[in-house]
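*Asks:* predicted structure and sequence below. I'll ask about it afterward.
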Amino acid sequence: MIAAIILAAGLSKRMGQPKMLLPWGDTSVIAAIVQKLVAAQIQPICVVVGALKDEIAEALGELPVQLVFNSRFQEDSMVVSLQAGLARLPDEIQATLVVLGDQPQLPVDVISLLLDAYNRSASALIVPSYQMRRGHPWLIDRSLWSEVRSLAPSDTLRRFLNSNAEKIFYIDTDLDAVIQDLDTPDDYARYRPEQ
């Protein structure tokens, strides 16, 4: 079984407003990425939230997710959020996707490619790549979860991937969505779907 952990506890400092709640088509940024995971038949889906937990819960409505509160969200650490998500996954889960909450333009096809690669390979890390640039989401096998749990809040997920570079199985894709996220108002204006 493969789960998904959506990292959505960030403070949206560069955006200047809560980016998870911004409109995206006929829904919100956070609901759009959850809908992609649901379409790919991922379950369970954990959404790690911080200060906006109530607002995000409302935005997600009846979508089949489990909200996980990162009580240390003020540290603005993706590592701490991922650790909080891992702590809530059931024992039968073999691997999890690590998904950015601000990547609503991600095609379902990319998720399917990652799942297929994991099922076909013995790799502990599956990462999409666009023109030699590492992207998201990526998939991490349970065998590496203890290493993630031991990371310090000051560590970064990039450093974790770099330290496990020999274990990464890259999926080359011509979809630049894997390297796009919504950090700034310009990003939002550039990637937002036509209304």
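*Replies:* Everything's here; your move. Residues are numbered from 1 along each chain as shown.
*Asks:* going by C-alpha atoms from here, please, whenever you check contacts or count neighbours.
*Replies:* Will do.
*Asks:* poorly predicted segments of the chain, please.
*Replies:* Along the chain, the parts satisfying pLDDT under 70 run over 16, 195.
*Asks:* strands of this structure, start to end?
*Replies:* 2-8, 23-24, 27-28, 45-49, 66-69, 95-100, 125-130, 133-134, 138-141, 168-172 (DSSP state E).
*Asks:* tally of neighbours for residue 186?
*Replies:* 11 (other CA atoms under 10 Å).
*Asks:* related to what we said a few turns ago, which stretch among the strands of the chain comes nearest residue 106?
*Replies:* Proximity to residue 106 (CA to CA) singles out strand 95-100 among the strands of the chain, at 9.8 Å.
*Asks:* neighbouring strands for that closest one, and are they parallel or not?
*Replies:* According to DSSP bridges, strand 95-100 has the following sheet partners: strand 2-8 (parallel), strand 138-141 (antiparallel).
*Asks:* which one of those strands is the most hemmed in?
*Replies:* Ranked by mean neighbour count, those are led by strand 2-8 with a mean of 26 (mean count of other CA atoms under 10 Å).
*Asks:* that older thread, just put the strands of the chain in JSON lines and tack on distance to residue 158.
*Replies:* As requested, the strands of the chain are arranged in JSON lines below (distance: least, CA to CA, whole Å):
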{"stretch": "strand 2-8", "distance to residue 158": "14"}
{"stretch": "strand 23-24", "distance to residue 158": "28"}
{"stretch": "strand 27-28", "distance to residue 158": "27"}
{"stretch": "strand 45-49", "distance to residue 158": "19"}
{"stretch": "strand 66-69", "distance to residue 158": "22"}
{"stretch": "strand 95-100", "distance to residue 158": "12"}
{"stretch": "strand 125-130", "distance to residue 158": "12"}
{"stretch": "strand 133-134", "distance to residue 158": "9"}
{"stretch": "strand 138-141", "distance to residue 158": "11"}
{"stretch": "strand 168-172", "distance to residue 158": "12"}
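*Asks:* and residue 171, what is it in contact with?
*Replies:* Going by CA atoms under 8 Å, 6 or more residues apart in numbering, residue 171 touches 113-114, 117, 126-129.
*Asks:* now the two most distant members of those.
*Replies:* 117 and 129 (13.1 Å).
*Asks:* which residues in this structure form helices?
*Replies:* 29-39, 53-60, 78-87, 108-120, 145-149, 157-163, 185-191 (DSSP state H).
*Asks:* residue 19: which of these is closest?
*Replies:* Of all the helices of the chain, helix 29-39 comes closest under CA to CA, at 7.1 Å.
*Asks:* sounds good, over and out.
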